[in-house]
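> below are the sequence and a predicted model for it; my questions follow.
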Amino acid sequence: MAHQEHQVSGAVPEDANDDKRLYECARKYEIIMKQFDELTGLMNNGNAVPKLQKGGKGSASGGKTATSSSQQKKNEELVQTVTKFLKELRTNTTDSESTRSKQG
């Protein structure tokens with residue numbers, strides 16, 4: 001009963017607050033995971049790679065090829081890194097949720 005002594009009269013019971021927080025966290029998690037799925041899908045389709053803009057101080061066409069090849073390699077590395085991070089984050093989040101559900 002010591003737990004009840006900490007409640008202020010007229011306050012919402014702690015269980016109701018926990019349920020509300022859990023619901024809000026679950027909603028936010030769903031939104032975040034949807035965004036991760038969209039981002040991962042964009043990266044897998046190659047749509048996330050920005051197109052090189054024409055113009056500016058141009059050099060010979062060989063220079064542009066080297067630049068675009070170098071930029072493409074950097075973009076591919078970035079896509080792989082972010083995709084790996086998102087997959088690890090999803091796995092870690094799922095693992096921690098299953099651990100919490102077993103405890104609760």
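It's in.
> if I look at residue 77, how far off is residue 86?
With distances taken as CB to CB, to the nearest Å, residue 77 is found 15 Å from residue 86. The C-beta positions use only the backbone N, C-alpha and C, and glycine is treated the same way.
> those two: which is more packed in?
Here residue 77 and residue 86 are compared on neighbour count by other CB atoms under 10 Å; more neighbours surround residue 86, at 17 against 10.
> what mean pLDDT does the helix or strand containing that one have?
With the criterion set as DSSP states H and E, the secondary-structure element containing residue 86 is helix 61-103. Helix 61-103 carries an average pLDDT of 74.
> same question for stretch 22-37.
This predicted structure assigns stretch 22-37 an average pLDDT of 91.
> how about it: buried residues?
Of the residues in stretch 22-37, those buried by neighbour count under the rule 16 or more other CB atoms under 10 Å are residue 36.
> what does it contact?
Residues lying outside stretch 22-37 but in contact with it, judged by CB atoms under 8 Å, 6 or more residues apart in numbering, are 86, 89, 90, 93.
> and what of stretch 39-46?
Taking CB under 8 Å, 6+ apart as the criterion, the residues outside stretch 39-46 that touch it are 48, 79, 82, 83, 86, 87.
> what about the fourth one, how many neighbours?
Just to be clear, that refers to residue 83. Residues within reach of residue 83, counting by other CB under 10 Å, total 16.
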